[in-house]
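Colleague: generate coordinates for the sequence data below:
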Amino acid sequence: MPKEKGLKINMLAFILGILIFSCVLTYLVPAGTFDIDKATKRLIPGTFHYVAQTPVSLWQALCNIFNGMVKSAKVMSIVIFMGGALKTIINTGAVEEFLNWAIYRLQKRGVAVIVPMMVILFSLLSAYGGNDSFFTFTVIGVAVAARMGLDPIAGIAMTYFATAVGFGGALKGRTLVAQGLADVPLYSGAGCRTLWLFVMTAIAVLYSLHYCMKIKRDPSKSYMGDTEWLGSRSGVAIEAVRFNLSSLVVIIITAGSFVLNAVMGVLKGWNYPQQVAVLMVASTLCGLIRRESVVKICDDFAEGCRSMGFVAFIIGLGSAIAITMTQGNILHTMVNAVAAPLMNVSKGLGTVAMFWFNWFFNFFIISGSGQAAVVMPIMNPVADALSINRQVAVSAFVYGDAFTNMLFPTSAALLGALAIANVPLKKWLKFVLPFLIILTAATSVFLFYLTEIGWTGM
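Modeller: As a prediction, this is how the structure comes out:
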């Protein structure tokens, strides 16, 4: 695989820098606070007032790292546990096996069949059972595209591009982190987010199919800028893969565990304990169905937990930033500065502004969980100050965090996909920018609507 090139931003150094900067701000920004509702523990809009300065020393800010980890213990725990459960499922090879079988069966179909089916397949599997390694399927996508007389960009569109869209509608990962930090029930709002996942996938299907049909009719229309790719055939062989019922069962169990948690969360009030138990049962069943030993299942689970340890620390570090700004009484001052200009517009526009903020901020922290840890402690009180339900604020974060993963060069998965397909970033941008404009505009309208109807996700 070609070596990835691009802009690198160290997430740990960046967030530590924010912590130190927030410490400095406690000496510079006027201290202020909103009155707090004792029942809900949320700020009361329109009650902001200035108070005496309470600066936080650098030593205290560093001590807040531990305090932040303690405060975020529940969220950190679900992240670590989910890392273990999903790693156990992914390591069974069921998802990869199912994808390889499906692609083999589809490869001889026409463009009008293959492109929509592959985009739908990769989007939904990414949403319910995928991980960051899905970008490696770009190898197969490019091979399928070559067999149909399409360019490498079409290969990325059918694989990495589709997984990025599915990531935007995922109920797991950073969506759960954001909900935990916003103090709203886990998996709540799943129905509405799933509906929007289908809408986003439909837009992606139409967009990808339009491009591929255009290239099929006239190869000179390719965004690659030449036709050197015409007539080439990828050296990657798409081998015959027999259908294995166990791989489909694993996918059904995985998706079903998220659906069950979402439904029971609404009907029975299931929370962290019950949802952890469901994931434990689901991941264990998946391993056993694939005839793995108990030792192998446990080793995979441990590996997944280890991989999420750093993410959990970042969440605690993000909480330390919020604690530092709260101790210095500047968090509410900053919230008031953001909310005050939005007081004269509709709440829907306030939600759209939060969405756009995350859209751009994703350039600096490409990790969804890491970005949630930094921005949700600020977005929560901003939403409260604007009388916007926190569930809507979570959606503004989730979509803002997701879309630009397929745009910004700080995304390792994007750079990896482009490197595999040998597609320059500037040529990829010609393909993806119009789509992002369409998707961003549609999502802005969607979020505006959710806010205006008072959607709570319950």
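Colleague: helix/strand/coil for residue 172?
Modeller: Here residue 172 takes the coil state, with states given by DSSP: H, G, I helix; E, B strand; the rest coil.
Colleague: that one against residue 259, yeah?
Modeller: No. Here residue 172 does not reach residue 259: they are 11.6 Å apart, not a contact under C-beta atoms under 8 Å. Backbone N, C-alpha and C define where each C-beta goes, glycine included.
Colleague: show me what the strand or helix carrying residue 299 is packed against.
Modeller: Assigned by DSSP states H and E, residue 299 belongs to helix 294-307. Other elements packing on helix 294-307 under the criterion 3 or more C-beta pairs under 8 Å, 6 or more residues apart in numbering; DSSP states H and E are helix 73-90, helix 272-289.
Colleague: buried residues in the last one, which are they?
Modeller: By neighbour count on 16 or more other C-beta atoms under 10 Å, the buried set for helix 272-289 is 274-276, 278-280, 282-287, 289.
Colleague: what does the first one give?
Modeller: Taking 16+ other C-beta under 10 Å as the basis for neighbour counts, the residues of helix 73-90 that come out buried are 75-76, 78-90.
Colleague: avg pLDDT for that helix?
Modeller: Here helix 73-90 scores 88 as its mean pLDDT.
Colleague: neighbour count: residue 172 and residue 259, which is higher?
Modeller: Higher neighbour count among residue 172 and residue 259: residue 172, with 23 against 16, using other C-beta atoms under 10 Å.
Colleague: from residue 372, how far off is that one?
Modeller: Distance from residue 172 to residue 372, counting by C-beta to C-beta, to the nearest Å: 13 Å.
Colleague: could you do residue 38 as well?
Modeller: With C-beta to C-beta as the criterion, residue 38 and residue 372 are 27 Å apart.
Colleague: check residue 251 too.
Modeller: 26 Å.
Colleague: which of those two has more neighbours?
Modeller: residue 372 (32 against 21).
Colleague: quickly find the element holding that one.
Modeller: helix 368-385.
Colleague: so which elements touch that helix?
Modeller: Using 3+ C-beta pairs under 8 Å, 6+ apart, helix 368-385 sits against helix 11-28, helix 174-182, helix 309-327, helix 331-339, helix 347-361, helix 390-403.
Colleague: how far does the third one sit from the chain's center?
Modeller: Helix 309-327 has its C-alpha centroid displaced from the chain centroid by 19 Å (C-alpha atoms, centre = their mean, to the nearest Å).
Colleague: before we move on, what about the fifth one?
Modeller: Centre-to-centre, helix 347-361 and its host chain are 16 Å apart (C-alpha atoms, centre = their mean).
Colleague: can you pull out the residues in contact with stretch 78-90?
Modeller: For stretch 78-90, contacts defined as C-beta atoms under 8 Å, 6 or more residues apart in numbering pick out 95, 129, 131, 133, 172-173, 176-177, 180, 186, 250, 254, 272, 275-276, 279-280, 282-284, 286-287, 297, 300-305, 307-309, 311-312, 315, 369.
Colleague: looking at this structure, which helix or strand does the model trust least?
Modeller: helix 94-106 (a mean of 81; mean pLDDT, DSSP states H and E).
Colleague: relative to helix 73-90, how tilted is it?
Modeller: 50 degrees (axes from the mean of the first three to the mean of the last three C-alpha atoms, to 10 degrees).
Colleague: in helix 94-106, what counts as buried?
Modeller: Of the residues in helix 94-106, those buried (16+ other C-beta under 10 Å) are 94-104, 106.
Colleague: do the same with stretch 163-179
Modeller: Neighbour-count burial for stretch 163-179 [16+ other C-beta under 10 Å]: 163-179.
Colleague: okay, that stretch in PDB with CA atoms only?
Modeller: What follows is stretch 163-179 as a C-alpha-only set of coordinates in PDB (Å, rounded to 0.1, in the frame of the first residue of the first chain):
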ATOM      1  CA  THR A 163     -18.700   3.700   4.500                       C
ATOM      2  CA  ALA A 164     -18.200   7.400   5.300                       C
ATOM      3  CA  VAL A 165     -21.900   8.100   4.600                       C
ATOM      4  CA  GLY A 166     -22.900   5.100   6.800                       C
ATOM      5  CA  PHE A 167     -20.600   6.400   9.600                       C
ATOM      6  CA  GLY A 168     -22.700   9.500   9.600                       C
ATOM      7  CA  GLY A 169     -25.800   7.600  10.600                       C
ATOM      8  CA  ALA A 170     -24.200   5.100  13.000                       C
ATOM      9  CA  LEU A 171     -25.900   4.600  16.400                       C
ATOM     10  CA  LYS A 172     -22.700   3.400  18.000                       C
ATOM     11  CA  GLY A 173     -19.300   5.000  18.800                       C
ATOM     12  CA  ARG A 174     -19.200   8.700  19.000                       C
ATOM     13  CA  THR A 175     -23.000   9.000  19.000                       C
ATOM     14  CA  LEU A 176     -23.200   7.100  22.300                       C
ATOM     15  CA  VAL A 177     -20.300   9.200  23.700                       C
ATOM     16  CA  ALA A 178     -22.100  12.400  22.700                       C
ATOM     17  CA  GLN A 179     -25.300  11.200  24.300                       C
END
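Colleague: and it, how far out from the chain's middle?
Modeller: Counting by C-alpha atoms, centre = their mean, stretch 163-179 comes out at 4 Å from the chain centroid.
Colleague: over to stretch 93-111?
Modeller: 25 Å.
Colleague: before we move on, what about stretch 38-53?
Modeller: Worked out by C-alpha atoms, centre = their mean, stretch 38-53 lies 31 Å from the chain centre.
Colleague: and that stretch, average pLDDT?
Modeller: Stretch 38-53 comes out at a mean pLDDT of 87.
Colleague: buried stuff in it?
Modeller: 42-43, 48.
Colleague: count of neighbours near residue 438?
Modeller: 14.
Colleague: and what of residue 329?
Modeller: Residue 329: 21 neighbours (other C-beta under 10 Å).
Colleague: what's the closest of the buried residues of stretch 38-53 to residue 446?
Modeller: Taking C-beta to C-beta as the measure, residue 446 lies nearest residue 42 of the buried residues of stretch 38-53, at 24.6 Å.
Colleague: just the pLDDT at residue 234, thanks.
Modeller: Note on residue 234: pLDDT of 53.
Colleague: show the contacting residues for the nearest residue to residue 390 once chain neighbours are set aside.
Modeller: Once flanking residues are discounted, residue 390 sits nearest to residue 182: 4.3 Å by C-beta to C-beta, 6 or more residues apart in numbering. Residues near residue 182 by C-beta under 8 Å, 6+ apart: 376, 379-380, 390-391, 393-394.
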